[in-house]
Structures are given as structure tokens and as C-alpha cells.
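*Asks:* Here is a sequence with its predicted model. Questions after.
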Amino acid sequence: MRAAPALLIASIFVCLSSIAAQPKTPLLAIAPLGQVPRTDITEIRRAIETTYGWSTVELAPQPLPKSAWYQPRRRHRAEKILQWLRGRKPLAADKIMAITAKDISTTKGRYPDWGICGLAEMPGSTSVISTYRIKKKLRAPNRKRRHEKYLQRLRDLAVHEFGHQLGLEHCPHRGCVMEDAKGTVGTFDHSTNELCADCRHQLDR
Ligand SMILES: [Zn+2]
Ligand SMILES: [Zn+2]
């Protein structure tokens, strides 16, 4: 009987250490900048959770940062948004992704200000995606089908940029979600919305 307290302490210790050893599901914080429809946030969260097995949390909406405003083209610079985002990642989150309906741009090759759909640190803690360009050229017979196509592009965009955050580069396999968009929204429309076996293998390593 005298051994019981020691046994109890030992079993509590074993129990606590087994809790500590359980791998924690990593957490992505989604930061809406300006007005973003609820359906868009839900779609992104579901896409990240099912593709990567991460948990997601939605932050309160905030206005786009003034520091990112680019007056000559009247839109926001994506790399400046990433800079600003770094200070806004909650401590409990492993990475942060901003989403906005406004147009964003960055410098691309000889173009000092090129409109883009998304930008991510690779690998890194921040990314930003914009729905402004994926609303264009949604060729479908009716409104419902156009919206479905839009949501498919949105899933693709979020999964693509988050892949960069995890260190994935552009992939040569046609249809892989990590394929280079090459500046056209058409790439989204033949995407399988999924990582190819090679990209999946890289992530698992
Ligand atoms: Zn990319
Ligand atoms: Zn791939």
C-alpha cells in the first residue's frame, strides 16, 4: 500500500508525457483584408485542411495596410502586404495567409508593377491571395456554374500559395496544383486541384 502514491505519480507522469509526445496539428491563420465573402473563407479553409491536414482559424477582418498602397496603379503591393502580415501572425499560429478581393501586384522581371493572384514566402510564414483576377473570364453557361468555377479557382489558388509556403516550387506536371500559372487565369481551369505524386512526395520528406 505504501507504494501506491509513487505508482500514482509515475502513472500521471507517463500520462502527461504521452500527451506531450502527441504531434500537434499545425495551424494556419486566415486573415481577411477588407470585405471577403463568407463562402470564400469557408472554401479556402476546407481546401487547406483537406489537402495538407493543417488546422485553420479565421482572424477578424482588417483593412488593407496603407503601407502597401501603390498610388501610380491604384492597387496594393503584395510584398508590402507580406511584410506587414509578419507582425500580425498570432503566436498560436504556425503560418498566416491573407485574402483580399482587391487587386495586388509585385515586380516581375522587366515589369515594375505586375498584377498577380497571389504571393508567398517560399518557404515562409506569410502569403497573400487576391480574388480580383480569378473573377475574370469565367466562361460558363449560367451564374451557378460560373460561381462553381470561381470557387474551384479559389481553392486552387489557396492550395498553390500555401504549397509555396511549405517550400514547394513550381511543378512541370500539367494539372498539378503547383503548376506555374504563367500570368494567365486559364491555368486554373485545367488544374486537378491536387498535388501530383512528386509534389506530395516532396512534402512527405
Ligand atoms: Zn506559384
Ligand atoms: Zn506537382
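*Replies:* Nice, I can see it. Numbering: from 1, shown residues only. Ligands and ions are numbered 1, 2, ... in the order given.
*Asks:* Stretch 59-79 - what's its average pLDDT?
*Replies:* Average pLDDT, stretch 59-79: 97.
*Asks:* got the contact list for it?
*Replies:* 29-36, 80-81, 83-84, 88, 90, 100, 102-106, 113, 115-116, 118-119, 128, 130 (Cβ atoms under 8 Å, 6 or more residues apart in numbering). Just so you know, the C-beta spots here come from the backbone N, C-alpha and C atoms, and that holds for glycine as well.
*Asks:* Which residue ranges of this structure form strands?
*Replies:* 27-33, 55-58, 69-70, 75-77, 95-100, 104-108, 111-116, 118-120, 126-130 (DSSP state E).
*Asks:* Quick check: which of these is buried the most?
*Replies:* strand 126-130 (a mean of 26; mean count of other Cβ atoms under 10 Å).
*Asks:* and ligand 2, which of the contacts of stretch 59-79 reach it?
*Replies:* By Cβ under 5 Å from the ion, no member of those lies near ligand 2.
*Asks:* And residue 180, how close does it get to residue 159?
*Replies:* 14 Å (Cβ to Cβ, to the nearest Å).
*Asks:* Give me the neighbour count for residue 153.
*Replies:* Counted with other Cβ atoms under 10 Å, residues neighbouring residue 153 total 23.
*Asks:* same for the top helix by length along the chain, what does it pack against?
*Replies:* As assigned by DSSP state H, the longest helix anywhere in the chain is helix 143-165. Using 3 or more Cβ pairs under 8 Å, 6 or more residues apart in numbering; DSSP states H and E, the elements in contact with helix 143-165 are helix 38-52, strand 95-100, strand 118-120, strand 126-130, helix 186-189.
*Asks:* any idea how far that helix is from the chain center?
*Replies:* Distance, stretch centre to chain centre, for helix 143-165: 11 Å (Cα atoms, centre = their mean, to the nearest Å).
*Asks:* so it versus strand 95-100, what angle?
*Replies:* 150 degrees (axes from the mean of the first three to the mean of the last three Cα atoms, to 10 degrees).
*Asks:* Can you dump the C-alpha atoms of helix 143-165 in PDB for me?
*Replies:* Listed next in PDB are the C-alpha coordinates belonging to helix 143-165 (Å, rounded to 0.1, in the frame of the first residue of the first chain):
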ATOM      1  CA  ARG A 143     -24.400  32.000 -62.800                       C
ATOM      2  CA  LYS A 144     -24.300  28.900 -60.700                       C
ATOM      3  CA  ARG A 145     -21.700  27.200 -62.900                       C
ATOM      4  CA  ARG A 146     -19.700  30.400 -63.000                       C
ATOM      5  CA  HIS A 147     -19.700  30.600 -59.200                       C
ATOM      6  CA  GLU A 148     -18.600  26.900 -59.000                       C
ATOM      7  CA  LYS A 149     -15.800  27.600 -61.400                       C
ATOM      8  CA  TYR A 150     -14.800  30.600 -59.400                       C
ATOM      9  CA  LEU A 151     -14.700  28.500 -56.200                       C
ATOM     10  CA  GLN A 152     -12.600  25.900 -58.000                       C
ATOM     11  CA  ARG A 153     -10.000  28.600 -59.000                       C
ATOM     12  CA  LEU A 154     -10.100  30.000 -55.400                       C
ATOM     13  CA  ARG A 155      -9.300  26.500 -53.900                       C
ATOM     14  CA  ASP A 156      -6.500  26.100 -56.500                       C
ATOM     15  CA  LEU A 157      -5.000  29.500 -55.700                       C
ATOM     16  CA  ALA A 158      -5.000  28.900 -51.900                       C
ATOM     17  CA  VAL A 159      -3.600  25.400 -52.200                       C
ATOM     18  CA  HIS A 160      -0.900  26.700 -54.600                       C
ATOM     19  CA  GLU A 161       0.300  29.600 -52.500                       C
ATOM     20  CA  PHE A 162       0.200  27.500 -49.300                       C
ATOM     21  CA  GLY A 163       2.300  24.900 -51.200                       C
ATOM     22  CA  HIS A 164       4.900  27.600 -51.700                       C
ATOM     23  CA  GLN A 165       4.800  28.500 -48.000                       C
END
